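S.K.: Take this sequence and fold it.
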Amino acid sequence: MKFRDHLPHDCPPEDAKEASGNVYMLVNDNTPKPEDFLSKREKHQDKPPFEPNEVECRACGLSVYTEISDLLNTRSRHRGFRKMKPALGKLTSEHGVIKHTPSHDSPTHHTWWIFNEATPWKIFKVINLSTESTIES
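M.R.: As a prediction, this is how the structure comes out:
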């Protein structure tokens, strides 16, 4: 399968693995939409590439988390994310590749590079945090 066209040379990295398992991410509304799955690079095509190439490569992927607590911690720390909704999706090899890219504040952070033909908005559901169930739209 082919990746999206905006990825730089040597991206995704060779040590990225087939996507698999449950991951959490932030979306804008109760129903995930294609625009929720645009990378930072796709949203800001007018900006110059990040240096070094590794940073640009991460900007071309999406941030996902394997623990909901990590996602909620990230949401609370960043003003622009506070109104966003947590969503859960089960990734398979059809959705792209993923790499564990932790930071001090986000130990379960992963970067996910999506295959061009994938439709990830169809596999993610917003989570109701009070019941930890998904919200059907």
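S.K.: Which helix or strand in the chain has the lowest average pLDDT?
M.R.: None of the helices or strands of the chain scores lower by mean pLDDT, DSSP states H and E than strand 133-134, at a mean of 56.
S.K.: Tell me who's in contact with Pro13.
M.R.: The neighbours of Pro13, taking Cβ atoms under 8 Å, 6 or more residues apart in numbering as the test, are Glu54, Cys57, Lys99. Quick note: C-beta positions are derived from backbone N, CA and C, even for glycine.
S.K.: mind redoing it with 10 Å?
M.R.: The contact partners of Pro13, by Cβ atoms under 10 Å, 6 or more residues apart in numbering, come to Asn53, Glu54, Cys57, Arg58, Gly61, Val97, Lys99, Thr101, Thr111, Trp113.
S.K.: Isn't the fourth one up against Ile98?
M.R.: No: proximity of Arg58 to Ile98 does not meet the contact threshold set by Cβ atoms under 10 Å, at 12.0 Å.
S.K.: Quickly list what's touching both of the two.
M.R.: Residues touching both Arg58 and Ile98 by Cβ under 10 Å, 6+ apart: Pro12, Thr111, Trp113.
S.K.: Pipe those into TSV and attach neighbour count per row.
M.R.: Below are these laid out as TSV (neighbours: other Cβ atoms under 10 Å):
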residue	neighbour count
Pro12	21
Thr111	22
Trp113	23
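S.K.: Tabulate these (TSV), appending secondary structure.
M.R.: Formatted as TSV, those follow (DSSP: H, G, I helix; E, B strand; the rest coil):
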residue	secondary structure
Pro12	coil
Thr111	strand
Trp113	strand
